[in-house]
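> got a structure for you, letters missing:
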C-alpha cells in the first residue's frame, strides 16, 4: 500500500494509529477538510513521512500529532502510540461546554415562548 519505505497514505495512517475508528471515516474527514498535514488541507491519498504534523478535527476537538513512523496497516494500541507524538491541547472541561437546557419529564413539547427562552439561554441567534 505504501509508495515507498517510510511513507503512507494519510487516511490509512490516521486509521492505522487509531485516530479514527474506520478507514472510510478517515477518508471522509480528509475530504471534508478536517485533516491538515503541515498546515495544509489534504486529500486522502496524500503521503506522509516521519516528522510531518497532522491535525485531525473530531467532535469540536483538534488532535495535533507529529508522525514518528509511517505505517499503513492497523496495529495494536501500544504499537500505534509509538508511531506519533501527541501535542494536542487538553480537551475542554465539561463545565465550559455551556448550559444544558433540561425539561421535566412529561412536560410535553415546548411552546414557542419556551423555545425562544431556550435559544436565548444557549446563545443561539434569533432566526
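Cool, got the structure. Keep in mind the model is a prediction, meaning the values are calculated, not measured.

> Could you list every helix and strand in contact with the host helix or strand of residue 64?
Under the criterion of DSSP states H and E, residue 64 resides in strand 61-67. Judged by 3 or more C-beta pairs under 8 Å, 6 or more residues apart in numbering; DSSP states H and E, strand 61-67 is in contact with strand 53-58, strand 84-86. Any C-beta I mention is one placed from the backbone N, CA and C, and that applies to glycine too.

> hmm, 10 Å instead?
helix 10-16, strand 35-37, strand 53-58, strand 84-86 (3 or more C-beta pairs under 10 Å, 6 or more residues apart in numbering; DSSP states H and E).

> buried ones in whichever helix or strand comes after it?
Sequence order places helix 77-81 as the next helix or strand after strand 61-67, per DSSP H and E. Within helix 77-81, the residues scored as buried using 16 or more other C-beta atoms under 10 Å are residue 80.

> re the thing from before, out of the helices and strands packed on strand 61-67, nearest to residue 118?
Smallest distance to residue 118 across those (C-beta to C-beta): 27.0 Å, for strand 53-58.

> Each with direction, which strands does that closest one pair with?
Applying DSSP bridges to the sheet, strand 53-58 is found paired with strand 35-37 (antiparallel), strand 61-67 (antiparallel).

> What's the mean pLDDT across the shortest one?
Regarding strand 35-37, the rounded mean pLDDT is 95.
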